[in-house]
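Trainee: coordinates only, sequence not included:
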C-alpha cells in the first residue's frame, strides 16, 4: 500500500562493545532511538556523544558513522522511512539546531511508540494502517513547539475558528467547542470576532450556514428540510425563521426568485 509516509523497515539491537557501522550512506531517512547505554554518531560536520533518552537521524545521501561505547554499549531500535511526505515531516520535527539529534525520547514516550512500531513491522500479519497511524503519532511527538508571535497570534486564532466552522458547520457546533479547539477562552474568541467582524461567533456561524444554504437552494435538487439539516439547523422551521430574518423572504421564495433548482 503506497502512502505519503511509509515504513520501509524496522528493527532493534543490543550492540556489543565497540560495535560500529560505516562510514556509509542510506537512500532514505533512518532514525535510531537509544533505549540504554551510550555511543558515538558522526556526520560530515560533527561527532555527537549520545546516550539513553536521545535519538539520532540519518539523512538520505549523507555519509555517517556510528559506534557503541566500549563500556556501556547502547541498545537501540530503528526505523527507516520514505514516501513523498517524509522530507516535509522530518523538517517539521525538533532534531536540534543542527537537525540530527532529538532529546528526551522517554519523556515523550517516543521510545514506547518506536518499540511498538518495530513489533508491528515484524509481525507476519502486520496491519499496515495501524503502522501508519503509529508513525504519524510518533512524528507528532517530534514536532517543533511553535513560538507564537504575539502580533500574529490573534489572526491565527481567528483563522483556526473560521477553518473549524467551514469544516463543521453541518454539525451541532458549540462556540465553546470552537474555543477549545483553538485553545483559547470562549470570551476571548467573542472579543476577537467582535473586533474583526463586528459579529459574535454564534452570529457568524449562522451567517455561514445561511450562505451555504443559499448555494444549495440555487444549485441542488434538495428539499428545504434536507438543506436545513445539511447546514446544521435543528429543523426546517428554525432554518426558515433565520433565513427570512436575514433575507426578507422564505427559502422557497428565494429559490423561485434566483431560478434555483427545485426538487422533483
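Mentor: That came in fine, so what should we check first? Just so it is clear, the structure is predicted and the values come from calculations on it, not from any experiment.
Trainee: could you give the mean pLDDT of stretch 249-257?
Mentor: Across stretch 249-257, the average pLDDT comes to 93.
Trainee: ok, how many other residues are close to the closest residue to residue 261 other than its chain neighbours?
Mentor: Spatial nearest neighbour of residue 261, chain neighbours left out: residue 221 (5.1 Å); criterion: C-beta to C-beta, 6 or more residues apart in numbering. From N, CA and C alone the C-beta is placed, and that goes for glycine too. Look at residue 221: counted by other C-beta atoms under 10 Å, it has 11 neighbours.
Trainee: cool, residue 211 as well?
Mentor: 12.
Trainee: And residue 215, by the same measure?
Mentor: Neighbours of residue 215 (other C-beta under 10 Å): 12.
Trainee: so it is in which element?
Mentor: Residue 215 belongs to helix 201-219 when assigned by DSSP states H and E.
Trainee: Okay, buried residues for that helix please.
Mentor: Buried residues in helix 201-219, counted by 16 or more other C-beta atoms under 10 Å: 201, 204, 205, 206, 208, 209, 210, 212, 213, 214, 216, 217.
Trainee: which residue ranges form the helices in the stretch 51-200 of the chain?
Mentor: Residue ranges of the helices in the stretch 51-200 of the chain, as given by DSSP state H, counting those that start in this stretch, are 86-91, 110-122, 128-142, 150-168, 175-182, 186-197.
Trainee: out of those, which comes closest to residue 35?
Mentor: Closest to residue 35 of those is helix 110-122 (C-beta to C-beta; 5.7 Å).
Trainee: So which elements touch the closest one?
Mentor: strand 6-14, strand 29-36, strand 75-82, helix 128-142 (3 or more C-beta pairs under 8 Å, 6 or more residues apart in numbering; DSSP states H and E).
Trainee: In CSV, list those along with mean neighbour count.
Mentor: Shown next, in CSV, are the helices and strands packed on helix 110-122 (neighbours: other C-beta atoms under 10 Å):
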stretch, mean neighbour count
strand 6-14, 16
strand 29-36, 21
strand 75-82, 20
helix 128-142, 17
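Trainee: Pick out the shakiest of these, pLDDT-wise.
Mentor: Taking the mean pLDDT of the helices and strands packed on helix 110-122, helix 128-142 comes last: a mean of 86.
Trainee: would you list the helices and strands packed on helix 110-122 in TSV and tack on distance to residue 61?
Mentor: Below are those laid out as TSV (distance: least, C-beta to C-beta, whole Å):
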stretch	distance to residue 61
strand 6-14	15
strand 29-36	10
strand 75-82	13
helix 128-142	21
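Trainee: for the ones you listed, which one sits closest to residue 55?
Mentor: Closest approach to residue 55 among these (C-beta to C-beta): strand 29-36, 4.8 Å.
Trainee: one step back: can you say which helix or strand has the residue nearest to residue 261 in it?
Mentor: Judged by DSSP H and E, residue 221 forms part of no helix or strand.
Trainee: What distance do you get for it to residue 172?
Mentor: 25 Å (C-beta to C-beta, to the nearest Å).
Trainee: Can you name the residues bridging to residue 65?
Mentor: residue 42 (DSSP bridges).
Trainee: can you count the residues close to it?
Mentor: Residues near residue 65, counting by other C-beta under 10 Å, number 15.
Trainee: Check the gap between it and residue 46 for me.
Mentor: To residue 46, residue 65 is 12 Å away according to C-beta to C-beta.
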